[in-house]
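1. sequence and predicted structure below; questions after.
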Amino acid sequence: MSNLATDYPAETTPAHHEDWLPIGHLDDIPRQGARVVARPEGDDIAIFRTADDALFAIGNRCPHQGGPLDQGLVHGHRVTCPLHGWRIQLEQGEAVAPDQGCVPRFPIRRDDRGNLYVRLTPVDAVKDAPET
Ligand code: FES
């Protein structure tokens, strides 16, 4: 069973991609908690760990008015923005209806020692990238 938000082929591991950024250990993030990874270009990334140990990496700016999602309440596989209460579905990075909007999602992986890695390129951009 995978606890990752996004599954990638087995060969897509940190050892095969230099752009996987080490971001610490699973134990660094409390369950139903988050941490922030700064991006040199673009908005920061919020890393979420849910109660069932799933991991998600999404842009840290709420699609409503830019609230800091890492400071929101994590419940299930959603986070509620601390500013006005929009709920963001972590798998899709989309606001829960009736609200509308989305945030970028980023690939995140955990190795067998619990070390975490994130890519700074959003998931959709990774899918569109040519094979190397
Ligand atoms: S800024 Fe997030 S709900 Fe308004």
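-> Yes, it's here.

2. hey, where'd the helices end up in this protein?
-> Defined through DSSP state H, the helices belonging to the chain, from first to last, are 123-128.

3. any stretches of it with poor pLDDT?
-> Flagging of the chain using pLDDT under 70 yields the residue ranges 1-18, 125-132.

4. do that again at 90, thanks
-> Applying pLDDT under 90 to the predicted model, the residue ranges of the chain that meet it are 1-19, 39-43, 124-132.

5. ok, and for stretch 49-64, which residues are buried?
-> Within stretch 49-64, the residues that qualify as buried by neighbour count (16 or more other CB atoms under 10 Å) are 49-50, 54-64. Quick note: C-beta positions are derived from backbone N, CA and C, even for glycine.

6. please disregard the earlier target; I meant stretch 107-116.
-> Taking 16+ other CB under 10 Å as the basis for neighbour counts, the residues of stretch 107-116 that come out buried are Pro107, Ile108, Arg109, Arg110, Leu116.

7. how about stretch 63-80?
-> Using 16+ other CB under 10 Å as the burial criterion, the residues of stretch 63-80 that qualify are Pro63, His64, Gly67, Pro68, Leu69, Asp70, Gly72, Val74, His77, Arg78, Val79, Thr80.

8. distance of the fifth one relative to Asp112?
-> Going from Leu69 to Asp112 by CB to CB, to the nearest Å gives 29 Å.

9. ok, now the second one?
-> When distances are taken as CB to CB, His64 and Asp112 turn out to be 38 Å apart.

10. do the same with the third one
-> The gap separating Gly67 from Asp112 is 35 Å, by CB to CB.

11. now the first one
-> Counting by CB to CB, the gap between Pro63 and Asp112 amounts to 35 Å.

12. on that earlier part again, from the buried residues of stretch 107-116, which single one is nearest the ligand?
-> Ile108 (21.9 Å; CB to the nearest ligand atom).

13. confirm for me that the closest one is in contact with Tyr117.
-> Yes. Under the criterion of CB atoms under 8 Å, Ile108 lies in contact with Tyr117, with a separation of 7.0 Å.

14. understood, closing this out.
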